[in-house]
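Engineer: what follows is a predicted protein model with its sequence.
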Amino acid sequence: MVEVLKSSFEDLFPIIETCIRESSFVAFDTEFTGLTADSSNTETLFDDGPARYAKKRRDVQQFIMVQIGLSAFIEIPHENRYRVHTFNFYVYPGSFGSVNVKFLCQASALEFLCRHNFDFNKFIYDGISYLNEEQEKVLCNEIEELSVATDAECDYDEITVQEISSKISEWLATAKNEDKLVLEKPPSVSDYVLHSQLRQRFPAIWTISVDRLHVQCAKITEEKKSIILKEHEMENERVLNSMLGFTRVFRLLVKHRKPIVGHNCFMDLMLMYDKFYRPLPVKYSQFKEDISRLFPFVFDTKSMSASMRKSYKETGLFENTTLSRLYAAFQRRFDLYQPAIIHGQEGSKYREAEALHEAGYDAFMTGSVFLRIAHLKAVVHLSFAEAQPLPFSHLFSIISPDMGRLNLIRASVNDINLLGSDSKSLRPEWLLVRSRKRSQPLKPMQLAGLFSAFGSVDIRPRSRQEALLAVGNWGCVRDILSSLSKHPHITVRKYNMWKHSPVVRSLLWTSACVSGGLCVWIVWSASSRKSS
């Protein structure tokens, strides 16, 4: 594993690019500052794809990623082996000019990171910056116009800058070309802001940082300034590249169009879209269209393993589809001609010990599970005599039906389909809960306590006397209906949209009234014509 920080990013970037370019596929994982920004965004069994997207969009807009893992799996031709290069990136949204990101942290998420030895100092002090296209455009305009520090949102010490400006004004009154003035650099103002402000206020000077504590002002001619400005353009490009940071890696993934593999990665993809590409669109369909254009070959090992659970029920291989359990299950299993996975020279850390919930290690486990699932699907129907080592191109053709399907946890559908329409729900129909007496309104907390004993359920109040109930499986429905058929305070029945939806009933009554009125008018018109 290679740890990638802001201080080492530029040196490692060419190596990262080579690994992505040469890979057969890239597995990824992310860690972030929270899962749910508001209780209204809680995942429930009522959610379909669009509803879940709307909830997660509100969350993603307020949380950020803190760590990203990429594992590039490179096939070694004719050896039935893959060499894996894993990179663990600390990422942090750098502030610059008006680009000054605000984000939420959820206490439980930070506690989770602490339990798994996350280094918050590296995250804040040496995290790699990133921009989406909207932020990049704003920053480019500000750099070009040298107006980085003029925006009202940019927080700098104006009094200190004014004091320095006064000293320069006094000096300029008697200074000659090539004369220099060295001043103390204020710690409350960043280098770029200080230089931009002084150069804007005094066109006849040029400023440079002498060291960490001092800034030098030189009076220069127009000719010399034009030469310096050309050199300064290169500096501006360096600043922009530094701010783009991990976005450059994201663009490599888009450029090389490699299959990308995550585990339960719907929110990860939404975060990557929002932070590195564009702000998430309102329309769910637009997100699916865009993400499938950016990454045409997306696989989710959570969805793949869940779809295989029934076929391998006797072996228990997919009994638990959490990432670490899947990886451990495949480590204990041997399949004929299964491909070997070897770490690159830098991968000694992951050879020697686990590092669960470190993004790099989770990305490595995801890629390993993906490769084993693909191989298992390819050889399951082959006889011993037919079995042979299989190249990745063959494995890819076998698993292509799984492409674009992303797992949804606790929802009305098992997954969403990036490449087309989502599957229909296989969950049981909703149940309608009513109070037997109008004087006794339903109490959500009491209902939750009552129904939780039957399994996975979610409650959505409709009124003081009614609530909808979404349940996880058909056995749960059967148990609820039989056990509560004679409950003294509530009735439970299967929900019928045509009978129980107030909106549908209103539409039906409206339609009936309109149809009835139309019939009366026709009869009246016909009788009027006969009378005349």
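Structural biologist: Great, that's in hand. Residues are numbered from 1 along each chain as shown.

Engineer: neighbours of His232, just the number please.
Structural biologist: His232 has 15 neighbouring residues, counting by other C-beta atoms under 10 Å. Every C-beta, even on glycine, is put in place using the N, C-alpha and C of the backbone.

Engineer: any idea which helix or strand carries it?
Structural biologist: Per DSSP states H and E: His232 is located in helix 222-244.

Engineer: would you mark the buried spots in that helix?
Structural biologist: Neighbour-count burial for helix 222-244, counted by 16 or more other C-beta atoms under 10 Å, picks out Met243, Leu244.

Engineer: name the residues that touch that helix?
Structural biologist: The contact list for helix 222-244, computed with C-beta atoms under 8 Å, 6 or more residues apart in numbering, reads 6, 94, 96, 99, 129-131, 136, 139-140, 143-144, 192, 203, 206, 220, 248.

Engineer: if any of those are buried, give me the PyMOL selection for them.
Structural biologist: To isolate the buried members of those in PyMOL, using 16+ other C-beta under 10 Å:
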select buried, resi 6+94+96+99+129+130+131+136+139+143+192+206+220+248
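
Engineer: let me know the secondary structure of the closest residue to Glu22 other than its chain neighbours.
Structural biologist: The shortest distance from Glu22 to any non-neighbouring residue, by C-beta to C-beta, 6 or more residues apart in numbering, is to Ile74 (5.2 Å). At Ile74 the chain is in strand, as set by DSSP: H, G, I helix; E, B strand; the rest coil.

Engineer: surely Ile74 meets Ser23?
Structural biologist: Yes. Counting by C-beta atoms under 8 Å, Ile74 does reach Ser23; the two are 5.2 Å apart.

Engineer: okay, those two: which has more neighbours?
Structural biologist: Set Ile74 next to Ser23 and count neighbours by other C-beta under 10 Å: Ser23 wins out with 26 against 19.

Engineer: that one is in contact with Val261, isn't it?
Structural biologist: No. Counting by C-beta under 8 Å, Ser23 stays clear of Val261, with 10.8 Å between them.

Engineer: just give the nearest non-adjacent residue to Pro488, would you?
Structural biologist: The spatially closest residue to Pro488, leaving aside those adjacent along the chain, is Arg436, at 7.3 Å (C-beta to C-beta, 6+ apart).

Engineer: who are the neighbours in contact with the residue nearest to Glu22?
Structural biologist: Neighbouring residues of Ile74 by C-beta under 8 Å, 6+ apart: Cys19, Glu22, Ser23, Ser24, Tyr82, Arg83, Val84, His85.

Engineer: looking at these, which are in helices?
Structural biologist: Members of the contacts of Ile74 lying in helices (criterion: DSSP state H): Cys19, Glu22.

Engineer: closest to Ala453 among the contacts of Ile74?
Structural biologist: Using C-beta to C-beta, Val84 comes nearest to Ala453 of the contacts of Ile74, at 45.8 Å.

Engineer: who's the closest one bridged to?
Structural biologist: Phe73, His343 (DSSP bridges).

Engineer: how about it, what does it touch?
Structural biologist: Counting by C-beta under 8 Å, 6+ apart, Val84 touches Ser71, Ala72, Phe73, Ile74, Ile341, Ile342, His343, Gly344, Gly347, Phe364, Gly367, Ser368.

Engineer: in JSON lines: those residues, plus pLDDT.
Structural biologist: Formatted as JSON lines, those follow (pLDDT from 0 to 100):
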{"residue": "Ser71", "pLDDT": "98"}
{"residue": "Ala72", "pLDDT": "98"}
{"residue": "Phe73", "pLDDT": "98"}
{"residue": "Ile74", "pLDDT": "98"}
{"residue": "Ile341", "pLDDT": "95"}
{"residue": "Ile342", "pLDDT": "95"}
{"residue": "His343", "pLDDT": "93"}
{"residue": "Gly344", "pLDDT": "90"}
{"residue": "Gly347", "pLDDT": "65"}
{"residue": "Phe364", "pLDDT": "97"}
{"residue": "Gly367", "pLDDT": "98"}
{"residue": "Ser368", "pLDDT": "97"}
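
Engineer: among those residues, who's most crowded?
Structural biologist: Going by other C-beta under 10 Å, Ser71 tops those with 33 neighbours.

Engineer: in which helix or strand would I find that one?
Structural biologist: Following DSSP H and E, one finds Ser71 within strand 65-76.

Engineer: just the C-alpha atoms of that strand, please, in CSV.
Structural biologist: Only the C-alpha atoms of strand 65-76 are listed here, as CSV (Å, rounded to 0.1, in the frame of the first residue of the first chain):
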residue,chain,number,x,y,z
MET,A,65,-14.9,12.2,2.1
VAL,A,66,-11.8,12.0,4.3
GLN,A,67,-10.1,9.0,2.7
ILE,A,68,-10.2,7.3,-0.7
GLY,A,69,-8.7,3.9,-1.5
LEU,A,70,-7.9,2.7,-5.0
SER,A,71,-6.6,-0.8,-5.9
ALA,A,72,-5.4,-1.2,-9.5
PHE,A,73,-5.5,-4.9,-10.4
ILE,A,74,-3.1,-5.6,-13.3
GLU,A,75,-3.3,-8.9,-15.1
ILE,A,76,0.0,-10.7,-15.7
